[in-house]
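Colleague: My questions are about this predicted structure, shown below with the sequence.
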Amino acid sequence: MIEATPNPITTVMRALADPTRRAVFERVFDSKEISVAELTRGSGVTQGAISQHLKSLKQAGLVAERAEGRNVYYRAAPQGLEPLVTWMDHYGVFWRERFQNLRDLLKEIDP
């Protein structure tokens with residue numbers, strides 16, 4: 001069954017699944033604010049492609065933009081990672097329990 005509207009975790013994971021988009025997000029995250037022109041320089045990717053990646057990141061809630069004249073500046077929106085953090089926390093509990101069970105078993109086998 002295909003979802004009509006993807007849930008937030010799906011949107012974030014899809015946005016970060018592309019290696020180039022992830023690299024763009026990391027550059028934005030490492031900067032206080034950065035323009036499309038700055039992101040394009042030295043990236044080996046066209047300005048149009050960078051703009052498309054930023055559009056996907058914005059739709060996923062991972063970046064915010066600020067227009068100033070003809071320039072648009074992007075900054076990371078860390079709250080956009082919340083669905084991913086929540087998802088990882090859910091599975092973190094699962095794995096912590098499993099590792100604790102393994103520790104207990106190993107202690108029983110070799111006290």
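Modeller: Received it, and whenever you're ready, just let me know what you need.
Colleague: which SS class is residue 72?
Modeller: Here residue 72 is strand, with the state taken from DSSP: H, G, I helix; E, B strand; the rest coil.
Colleague: tell me the contacts of it?
Modeller: Residues in contact with residue 72 (CB atoms under 8 Å, 6 or more residues apart in numbering) are 35-36, 65-66. For the C-beta atoms, the positions are set from N, CA and C on the backbone; glycine is no exception.
Colleague: what's the answer for residue 12, then?
Modeller: Contacts for residue 12 were tallied using CB under 8 Å, 6+ apart; they are 60-62, 80-81, 83-84.
Colleague: So which of the contacts of residue 72 is surrounded by the most neighbours?
Modeller: Using other CB atoms under 10 Å as the neighbour criterion, residue 36 leads the contacts of residue 72 with 19 neighbours.
Colleague: before we move on, back to that, okay, the contacts of residue 72 in JSON lines with pLDDT next?
Modeller: Below are the contacts of residue 72 laid out as JSON lines (pLDDT from 0 to 100):
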{"residue": "35", "pLDDT": "95"}
{"residue": "36", "pLDDT": "94"}
{"residue": "65", "pLDDT": "96"}
{"residue": "66", "pLDDT": "96"}
